[in-house]
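1. Need coordinates for the following:
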Amino acid sequence: MVTLSVNGKTRSVDADPSTPLLWVLRDTLGMTGTKFGCGMALCGACTVHLDGEPVRSCATPASAAAGRKIVTIEAIGATPVGRKVQAAWTQLDVPQCGYCQSGQIMCAAALLAEKPEPTDADIDGAMAGTICRCGTYPRIRAAIHAAAAGKRG
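-> A predicted model of the protein is given here:
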């Protein structure tokens, strides 16, 4: 058994402690907003927050998340920054296929929580390695700037 704090709720799950957090979230807890992309922590589709920091859940064992605060895409909108990011994403029509977008939003929300007025270089650094195969990077950057400015688009 592994006890996790996911989106403000304590959950005890019957999982091997070495199971990647991604699979505990998706398969055991039924939280499918976090996506499987590469399985090697290279693409960012599986990004969640652990104690406010973005981490790749496909390469994070469930045991490493025990005793830490996990926030997934399902709950990021409950935070002020997350609401701004999601609103900007919607207003600027950021997604194309949408597959990577939960990871993109999680990385953007972590950036804005740490740095409320990011430069393009800050955005590039925070979003590096979070891959969008559709190439929506200009809209992602615009949405991050809009969220930082408190705009809805």
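2. what residue ranges in the chain are flagged as low confidence?
-> Low-confidence segments of the chain, defined by pLDDT under 70: 151-153.
3. If we use 90, what do you get?
-> Within the chain, the segments meeting pLDDT under 90 span 150-153.
4. Spatially central residue in it, please.
-> Centroid-nearest residue in the chain: Met106, 2.5 Å away (criterion: CA atoms, centre = their mean).
5. Give me the contact list for the helix or strand harbouring that residue.
-> In the assignment (DSSP states H and E), Met106 maps to helix 101-114. For helix 101-114, contacts defined as CB atoms under 8 Å, 6 or more residues apart in numbering pick out 33-35, 37, 43-49, 52-54, 72-73, 76, 79, 81-82, 84-86, 89, 94-95, 118, 122-123, 126-127, 130, 132, 140, 143-144, 147-148. From N, CA and C alone the C-beta is placed, and that goes for glycine too.
6. Please identify the buried residues of stretch 69-86?
-> 70-77, 79, 81-82, 84-86 (16 or more other CB atoms under 10 Å).
7. on that earlier part again, output the helix holding Met106 as PDB, nothing but the C-alphas.
-> C-alpha atoms of helix 101-114 as PDB (Å, rounded to 0.1, in the frame of the first residue of the first chain):
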ATOM      1  CA  GLN A 101      -1.700  20.100 -23.200                       C
ATOM      2  CA  SER A 102      -2.100  18.800 -19.700                       C
ATOM      3  CA  GLY A 103       1.700  18.700 -19.400                       C
ATOM      4  CA  GLN A 104       2.000  22.100 -21.000                       C
ATOM      5  CA  ILE A 105      -0.500  23.600 -18.600                       C
ATOM      6  CA  MET A 106       1.100  22.000 -15.600                       C
ATOM      7  CA  CYS A 107       4.500  23.400 -16.600                       C
ATOM      8  CA  ALA A 108       3.100  26.900 -17.300                       C
ATOM      9  CA  ALA A 109       1.300  27.000 -14.000                       C
ATOM     10  CA  ALA A 110       4.400  26.000 -12.100                       C
ATOM     11  CA  LEU A 111       6.400  28.700 -14.000                       C
ATOM     12  CA  LEU A 112       3.800  31.400 -13.200                       C
ATOM     13  CA  ALA A 113       3.600  30.400  -9.500                       C
ATOM     14  CA  GLU A 114       7.300  30.900  -9.200                       C
END
